[in-house]
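Asks: Sequence plus the predicted model coming up.
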Amino acid sequence: MESLISIGRKAKLVGNKLANYSTVKKNSALKYMAENLINEAEFILGENSVDIVKARKEEKEKAFLDRLMLDKKRIQKMAEGLLEVVKLPDPIGELEARIKRPNGLIIEKRTVPLGVIGIIYEARPNVTVDASALCFKAGNAVILRGGSGAINSNKALVKVLKQGLKKEGIPFEAIQLIEDTEKKTAVEFMKLREYINVLIPRGGESLINTVVENSLIPVIETGVGNCHIFVDETADLEMAKKIVINAKTNRPAVCNAAETLLIAERIAPTYLPVLLTELEESGVEIRGCNRVKKLFPKYKLATEEDWFTEYLDYIISVKIVKNIDEAITHINKYGTKHSEAIVTENQQNARRFSQEIDAAAVYINASTRFTDGFEFGMGAEIGISTQKLHARGPMGLKELTSYKYVIHGNGQIR
């Protein structure tokens, strides 16, 4: 199996070439990639089924299987994501600022690729396509290291994507997959500072912490989503019900699904029976605070650990809060700075919530499920950054670039 050093060297060499490819050439390759995904769907699904069978034998949880599973609809969506990236403006070479100094120097600030981007992720085959497309369009080489549970799916997807590169005469090394899924290999990958400019982990808290603690490469933290919805006493209750049900049950295994419901005490006794009954009917397990437990003895009592937990499953914690002050305090204590929502008809509460909640995305009267590159108009996404340097929220093309200064003179000296 090819060494990590070899993979890194190839990525660094090809990264220098990618920075100079025209938008037309890159877009053409992306179109070929999208076409190949559709044409090779049966091959991809066959390899994915090998991973699914293995996961079921290992009795993986439902959320794991949901993230891992591919079908024709999901492959179609991947292809559509590639075509959306084609439509997006190419950020490379963009003039961000131009300043003329008193001494006649003209200073231009222009966007450039980051260079080589490493992606470490779990059993999420869609990341293979999204990350490859965005890194490539932004002029970067990418090295992918997916989880062992999706290795066959990832190998198939990378093979298909490389066929798109081939049709445009682009070196295969623009997209590389580390096929060795041993943990020690992942840790070695995190040390390749000489070849990789930035490392982006996508997955659960354990994976992200491992990368942050072991990497010698700059890291952009992504993904952990302990997301909340606060329903205040002025909320349109029918709207609130739709938002909560969608945010929890539409796809509970993803990072923008709601994990905790906070509800104002004034409406809790009359509104909770309606909302919690519908959640139960959707297969959601309810874990409530002491006040919820008193109203509904059948529900499990939420522990301190529950308030911190990203379930990624059909489970939700429910807490009755006195007012918006208590809601904001709770979210800022237990949240992961991902996506938070308020349902309210009170504009002052909406404004306070948006200003005081520390999160990458804050929603007013909408589901947290929209925190997504495709939904934000970015085509695909590389991940959801929960930090503030240098990117925050869904990361698209722009977040995969840096900049340099180009200075024009006519003989000036200092």
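Replies: Yes, it's here.

Asks: so where do the strands sit in the stretch 251-400 of the chain?
Replies: Here the stretch 251-400 of the chain has its strands, by DSSP state E, counting those that start in this stretch, at 258-264, 285-288, 300-301, 315-321, 339-343, 361-364, 384-385, 393-394.

Asks: among these, which is the most enclosed?
Replies: Of all the strands of the stretch 251-400 of the chain, strand 339-343 has the most neighbours on average by mean count of other C-beta atoms under 10 Å, namely a mean of 30. Every C-beta, even on glycine, is put in place using the N, C-alpha and C of the backbone.

Asks: So what touches that one?
Replies: Identification of contacts with strand 339-343 by C-beta atoms under 8 Å, 6 or more residues apart in numbering yields 225, 227-232, 235-236, 239-240, 243-244, 247, 256, 258, 324, 327, 331, 349-350, 353, 357, 359-368, 371, 384.

Asks: follow-up on the earlier one: out of the strands of the stretch 251-400 of the chain, which is closest to P91?
Replies: strand 393-394 (15.0 Å; C-beta to C-beta).

Asks: Can you list the neighbours in contact with the helix or strand just after the closest one?
Replies: Note on strand 393-394: by DSSP states H and E, the next helix or strand toward the C-terminus is strand 401-408. In this structure, residues lying in contact with strand 401-408 by C-beta under 8 Å, 6+ apart are 91-92, 96, 105-114, 138-139.

Asks: Repeat that for stretch 42-61.
Replies: 37, 64-65, 68-72, 75, 123, 125, 149-153, 155-157, 160, 313.

Asks: Next, the buried residues of the worst-scoring helix or strand of the chain on mean pLDDT.
Replies: Sorted by mean pLDDT, DSSP states H and E, the helices and strands of the chain end with helix 62-68, the least confident at a mean of 87. By 16 or more other C-beta atoms under 10 Å, the buried positions in helix 62-68 come out as 63-65, 67-68.

Asks: any idea of the angle the helix or strand hosting I229 forms with strand 258-264?
Replies: Element membership for I229, per DSSP H and E: strand 227-231. If you take axes from the mean of the first three to the mean of the last three C-alpha atoms, to 10 degrees, strand 227-231 sits at 20 degrees to strand 258-264.

Asks: Mind listing residues that contact strand 227-231?
Replies: For strand 227-231, contacts defined as C-beta under 8 Å, 6+ apart pick out 237, 240, 243-244, 247, 255-264, 267, 271, 321, 324, 327, 330-331, 334-336, 338-344, 353, 368.

Asks: Which pLDDT value goes with E205?
Replies: Looking at E205, its pLDDT stands at 84.

Asks: Quick check: closest non-adjacent residue to it.
Replies: Using C-beta to C-beta, 6 or more residues apart in numbering and skipping residues adjacent in sequence, the residue nearest E205 is V224, 4.9 Å away.

Asks: in the stretch 1-150 of the chain, which spans are strands?
Replies: Going by DSSP E, counting those that start in this stretch, the stretch 1-150 of the chain shows strands at 95-100, 106-113, 116-121, 141-145.
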